[in-house]
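Trainee: A structural model of the following input is requested.
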Amino acid sequence: MRIFYLTIALSFLLTGCVSSKQEIVTAHFVRIVDGDTFIANIERGYPRIVTHNIGIRIAGIDTPELKDKRPQVRKLAYQAKAFAKERLSSARHIELRNLTKGKYFRIIADVYIDGKNLSQELLSKHYATPYNGSKKPKF
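Mentor: The predicted structure is shown next:
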């Protein structure tokens, strides 16, 4: 039943975000999940069930998995997570742009921290690789 409500809530949120004029949504960082996913509260006029503790997947990138069996990949995964956490937790302003629905009841969005694109920062530090949603890249 919870999955049903989450699906409805996510659809409700995204319906209000998709229009001919792309909207920018302000978010407040709650906690980090891994290098390319975090939990946020979104500033909207909707009920808390729709806007609080929402999973956000950073669009256009993939970071290594924290549970990878290879120690060097796991190390890179923890570095990516630490970098993203530092950037998100110290942000004065977090913007979500180009919001879409993703699997696992998350929002996929371009994430801007104080005007800088987080996915570009993770790519430039070699903590992430480009990802378009198809086959997962190898690290």
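
Trainee: alpha carbons only: can I get the longest strand anywhere in the chain in PDB?
Mentor: In the chain, taking DSSP state E as the definition, the longest strand is strand 25-34. The C-alpha coordinates for strand 25-34 follow below in PDB (Å, rounded to 0.1, in the frame of the first residue of the first chain):
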ATOM      1  CA  VAL A  25      12.600  23.700  -7.700                       C
ATOM      2  CA  THR A  26      14.400  24.500  -4.500                       C
ATOM      3  CA  ALA A  27      15.400  21.600  -2.300                       C
ATOM      4  CA  HIS A  28      16.800  21.300   1.200                       C
ATOM      5  CA  PHE A  29      19.400  18.500   1.800                       C
ATOM      6  CA  VAL A  30      18.400  15.800   4.300                       C
ATOM      7  CA  ARG A  31      20.900  13.000   3.900                       C
ATOM      8  CA  ILE A  32      23.200  11.300   1.400                       C
ATOM      9  CA  VAL A  33      22.500   7.800   0.100                       C
ATOM     10  CA  ASP A  34      25.500   7.400  -2.300                       C
END
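
Trainee: buried residues of whichever helix or strand comes after it, list them for me.
Mentor: The first helix or strand that comes after strand 25-34 along the chain, using DSSP states H and E, is strand 37-42. In terms of neighbour count (16 or more other C-beta atoms under 10 Å), strand 37-42 has its buried residues at Thr37, Phe38, Ile39, Ala40, Ile42. For glycine as for every other residue, the C-beta is placed from the backbone atoms N, C-alpha and C.

Trainee: before we move on, what about stretch 54-73?
Mentor: Ile54, Gly55, Ile56, Arg57, Ile58, Ala59, Gly60, Ile61, Asp62, Thr63, Pro64, Glu65.

Trainee: now swap in stretch 87-95 and tell me
Mentor: Arg87, Leu88, Ala91, Ile94, Glu95.

Trainee: want to throw the residues you listed into CSV with distance to His126, secondary structure and pLDDT?
Mentor: Output for those, formatted as CSV (distance: C-beta to C-beta, whole Å; DSSP: H, G, I helix; E, B strand; the rest coil; pLDDT from 0 to 100):
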residue, distance to His126, secondary structure, pLDDT
Arg87, 15, helix, 98
Leu88, 19, helix, 98
Ala91, 22, coil, 98
Ile94, 23, strand, 98
Glu95, 24, strand, 97
